[in-house]
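>>> Below are the sequence and a predicted model for it; my questions follow.
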Amino acid sequence: MVAFAAAPSTSQGTPNLNKKIMAKEIIFSGIKPSGVPTLGNYVGAISKWAELQQKYRCFFSVVDLHAITVSQDPKELRYRTYLTTAIMLAAGIDPKKSVIFVQSHVPAHSELAWLINTQSTMGELSRMTQFKDAAAKTSKTSIGAGLFTYPTLMAADILLYDAHVVPVGDDQKQHVELARDLAQKFNHRFGKTFVVPKPLIRDSGARIMDLQNPDKKMSKSDDSDRGYILITDSPDIIRKKIMSAVTDSGRNIVFNKKHKGLYNLLTIYQVLSGQGEKQIEKHFLNKGYGQFKQELAELIIKTLSPMQTQINAYMKNTPRLDKILAQGARQANQIADLKLKEAYKKVGLVTKR
Ligand code: AMP
Ligand code: TRP
């Protein structure tokens, strides 16, 4: 279990939420439909979200506006938006407990992002490592403006819902911390408006690494498909990818961060099995890497197979997905519109009557 201490609320919250909802702390998180979600997304984020919804009031969004900060094929983007929704549902996110919606269905996200842009500096945004990494790959003049302002849209996502806690993989920690700083800055200048959010990073599995290159994180936008496992991969492909995952030439199956490849595989095993390090090391005592990899592959297959059956059923029934997303958008819009109006008023905009 993740060690967890929620931040105290720094706002009065949104007025029309009923008492039952207000009693719970609020969680917001998102995933980009920019590729088929990977095992890294599942281990680092989605599997945790399903657990959190038992205790918190949760908002989970398929953040399509973030996805288009890099070039997307329109047909693919549409398909992956449905697929990502289906994966979230198959992973146990329950629309009766949580609000699940597509970011572009709630215009307040773009509108608050603009407001936050006007309150952010080039310096703040230039410091973001995700932007710096993207900028390093291309020339300064051709990098997309959307990539630069990506964190202000993310801050808007979080702040619209008075989220206290933002569960993310560790690559997103800096963005959540910026959202926190921007909320504090806005509150300081205009008076208490936003809850100051906190990132929630899981102890184990917050950064699942590439199977071929354990120095970089597993990513769905990678060029080579051997480094990642997609949630939709077949058992045969999963076996192949795990068996060919890079490890060193050691013999003992032990959690040692220096042995990056093996450590990464053990971390996946740990999260999916729910077992502790000692228990796992004992189980694999005197067993070789080959046997460990076989057992890991079967564990991944056992986790993903039932989800895949459900994903396929959802994908055959997109009107059902549309209905779930429409309900989510209705709930999200109601809350987000109020918060946007409150922020508009605070900065002195005359709001519509
Ligand atoms: P993205 O696919 O970038 O939209 O990420 C969605 C969520 O998955 C975010 O919370 C990320 O931090 C998390 N995530 C993405 N890749 C990984 C990974 N390799 N390991 C752990 N978490 C990840
Ligand atoms: N930027 C996040 C990622 O790449 C996705 C995201 C967008 C998000 N808005 C968010 C995550 C708000 C948490 C909260 O993974």
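Thanks, I have it. Ligands and ions are numbered 1, 2, ... in the order given.
>>> which residues touch stretch 116-126?
Stretch 116-126 is contacted from outside by 131-132, 148-149, 151-152, 155-156, 159, 178, 181-182, 185-186, 189, using CB atoms under 8 Å, 6 or more residues apart in numbering. The way it works is simple: take the backbone N, C-alpha and C, and place the C-beta from them, glycine included.
>>> May I ask which of those has the most neighbours?
Ranked by neighbour count (other CB atoms under 10 Å), the contacts of stretch 116-126 have residue 159 at the top, with 29 neighbours.
>>> my read: that residue touches residue 339, true?
Yes. Using CB atoms under 8 Å, residue 159 is in contact with residue 339, at 7.2 Å.
>>> overlap in contacts of the two?
The contact lists of residue 159 and residue 339 share 112, 194, where a contact means CB under 8 Å, 6+ apart.
>>> in the stretch 251-353 of the chain, which spans are helices?
Secondary structure of the stretch 251-353 of the chain (DSSP state H, counting those that start in this stretch): helices at 260-273, 277-283, 289-315, 318-347.
>>> Just put the ones you listed in CSV and tack on distance to residue 27 and mean pLDDT.
Shown next, in CSV, are the helices of the stretch 251-353 of the chain (distance: least, CB to CB, whole Å; pLDDT from 0 to 100):
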stretch, distance to residue 27, mean pLDDT
helix 260-273, 19, 96
helix 277-283, 27, 97
helix 289-315, 21, 97
helix 318-347, 13, 98
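>>> most neighbours per residue, which of those?
With neighbours taken as mean count of other CB atoms under 10 Å, those reach their highest mean count in helix 260-273, at a mean of 21.
>>> ok, now how distant is residue 147 from residue 154?
Residue 147 sits 12 Å away from residue 154, going by CB to CB, to the nearest Å.
>>> Looking at these two, which one has more neighbours?
The neighbour count for residue 147 versus residue 154, taken as other CB under 10 Å, is higher for residue 154 (27 against 18).
>>> if I look at the nearest residue to the more buried one once chain neighbours are set aside, how far off is ligand 2?
Nearest residue to residue 154, sequence neighbours excluded (CB to CB, 6 or more residues apart in numbering): residue 175, at 5.2 Å. Distance, residue 175 to ligand 2, using CB to the nearest ligand atom, to the nearest Å: 6 Å.
>>> Name all residues that make contact with residue 175.
Residues counted as contacts of residue 175 (CB under 8 Å, 6+ apart) are 128, 130, 150-151, 154-155, 168.
>>> do that again at 7 Å, thanks
Residue 175 sits next to 128, 151, 154 when contact means CB atoms under 7 Å, 6 or more residues apart in numbering.
>>> SS state for it?
Following DSSP: H, G, I helix; E, B strand; the rest coil, residue 175 is assigned to helix.
>>> The one 10 residues further on too?
Secondary structure assignment for residue 185 (three-state DSSP): helix.
>>> Leaving out sequence neighbours, find the closest residue to it.
Of all residues not flanking residue 185 in the chain, residue 119 sits nearest, at 6.5 Å (CB to CB, 6+ apart).
>>> cool, and residue 129?
Take residue 129 and drop its neighbours on the chain: the residue closest to it by CB to CB, 6+ apart is residue 174, 6.0 Å away.
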